[in-house]
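Enquirer: output the structure for:
(chains A, B, C and D)
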Protein chains: 2
Amino acid sequence: MESQGEAGRINQRRRTRKDILAAAARLLRMGRSPGMDDVAAEAGVSRATVYRYFPSVEALLVEAPLDGAVPGPAEVFGGDPSTDPVDRADRAEAILHDMVYRNEGQLRAMLAASLQRGEARAEGVPVRQNRRMPLIRAALAPARSRMSGEAHDTLCAALALMYGVESMVVFSDVLGIGEAQARRIKSWAVRALVRAAMEESEAHASSTRNVMPRASGL
Amino acid sequence: MESQGEAGRINQRRRTRKDILAAAARLLRMGRSPGMDDVAAEAGVSRATVYRYFPSVEALLVEAPLDGAVPGPAEVFGGDPSTDPVDRADRAEAILHDMVYRNEGQLRAMLAASLQRGEARAEGVPVRQNRRMPLIRAALAPARSRMSGEAHDTLCAALALMYGVESMVVFSDVLGIGEAQARRIKSWAVRALVRAAMEESEAHASSTRNVMPRASGL
DNA sequence: AAGTTTGTGAGACAACTGTATCATAATGAG
DNA sequence: CTCATTATGATACAGTTGTCTCACAAACTT
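Expert: Got it, this is the predicted structure:
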């Protein structure tokens, strides 16, 4: 055999890699912040092998699968007759809220890893993925035609501030607020923002003044 | 001398502590993420001494002073005749916005440090400083008497999601939005939230229904 | 000037991270 | 089956973090 790299023993490597990620996710789900030794022991492989698949513990934790698949827009609003953007935005937040608090430890690790990209960052490390915007867009779909593009983008960006892990960090670490309180506060804020954007768009329909700033590149 | 603890050599200890924090801030301002050795060398003290004042690198970086003092409520609203909570909240956000983007590197390091080893949380060590709540409270002071305590606390918590470093992380890393855009979006959202809370409170004054959830412990 | 208290420096130490090397065992091709 | 390929295990290693102990020197008290 001369073709190396791709066609060595793909199945074995895939299985090992999957086992390592599963072990990491299992430990993260226990609330621990595992080190390489822990992951290796849990996966039943040696520490050196884990390092052969992931260059650092951060890179490993970032790729560890989340508990419970993050539902896409189709799963959330698929067979949904509701057309009220306020309710839909609120419900989308509730779903992401549950996912975030169920995977708190892992998401914190992922956020921390993405923040250290300040100085010297490796090449292959995956950046941050954006799970929230598709959900937000889908939630606001019924109101999309009633708003200007700028108003829609601004609202999307503002909602993105409340939908992700970062809001949980603020609630927990800065404000010392628990999950239930956080959910109630975000629910109120999300509804207020969507309502405000729609009211401004309606007002804009009769006058020519645009209250909302532009927000492109989303 | 038998009374130890308080009256030992307070001045010396204060000076050492200040030097260590200043050294850490100096290194952070260079964009580095210093370790204990670096801080000790920069401060001109031994590594053991640094550990005598701060139990970990995280605790040290969290307390490191920022470039340009964060103005307190007095400096911002001291000789200020404005009483519109919407404008005041917007202006407070603008001030914190400038501070955040001026200290982006250090604040990212501080945020990462606070997330890093979330497992072993020390007892007396503050996880995060809370610079934003005093400003938010001062901004909303003119409206404080016109709202219920629950409505006020909920609004404060919702605003706290937009005032700090975390919103910058969302804008930059998740949405890819620059500073000016971020400021405009936050300005709109802040104004919309304050306005919504005040309108609901006015409506509440005539009816008995309370739309806003409770948020205590701020 | 004692003598005592107390902050500091120096170094040893275990634990963990990330890298490198070598030997072994599993795998697939002939 | 036989043999070369290759993933893996077992180490050893340097670097860092955080703890600890001991000795020294600066301060305060009398």
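Enquirer: enumerate every residue touching the residue nearest in space to the middle of chain A.
Expert: The C-alpha lying nearest the average C-alpha coordinate of chain A belongs to A:R131 (CA atoms, centre = their mean; 4.4 Å). Counting by CB atoms under 8 Å, 6 or more residues apart in numbering or on different chains, A:R131 makes contact with A:V70, A:L96, A:G164. All C-beta spots, glycine's among them, are computed from the backbone N, C-alpha and C.
Enquirer: go on, A:V57?
Expert: If you count contacts by CB under 8 Å, 6+ apart, A:V57 has them with A:P34, A:G35, A:M36, A:V39.
Enquirer: can you pull the residues of chain A lying near DNA strand C?
Expert: Residues of chain A lying close to DNA strand C by CB under 7 Å from any atom of the strand are A:1, A:9, A:11-12, A:35-37, A:47-48, A:51, A:55-58.
Enquirer: so which of those residues belong to helices?
Expert: A:N11, A:Q12, A:M36, A:D37, A:R47, A:A48, A:Y51, A:V57, A:E58 (DSSP state H).
Enquirer: now tell me which of the residues you listed the prediction trusts least.
Expert: Least confident entry in these, by pLDDT: A:N11, with 83.
Enquirer: quick one on the thing from earlier: pick the one among the contacts of A:R131 closest to B:L66.
Expert: Taking CB to CB as the measure, B:L66 lies nearest A:G164 of these, at 24.7 Å.
Enquirer: measure the residue lying closest to that closest one once chain neighbours are set aside to DNA strand D for me?
Expert: Nearest non-adjacent residue to A:G164, counting by CB to CB, 6 or more residues apart in numbering or on different chains: A:R132, 5.4 Å away. Going from A:R132 to DNA strand D by CB to the nearest atom of the strand, to the nearest Å gives 32 Å.
Enquirer: follow-up on the earlier one: top of the contacts of A:V57 by neighbour count?
Expert: Neighbour counts for the contacts of A:V57 (other CB atoms under 10 Å in any protein chain shown) peak at A:V39, which has 26 neighbours.
Enquirer: please enumerate the helices of chain A.
Expert: Here chain A has its helices, by DSSP H, at A:10-29, A:36-43, A:47-53, A:57-63, A:73-77, A:85-102, A:104-115, A:132-144, A:149-163, A:165-169, A:179-206.
Enquirer: so what's A:A138 up against?
Expert: If you count contacts by CB under 8 Å, 6+ apart, A:A138 has them with A:P73, A:V76, A:F77, A:R88, A:A92.
Enquirer: which parts of chain A sit against DNA strand D?
Expert: A:1, A:4, A:8-9, A:12-13, A:16, A:44-49, A:52-53.
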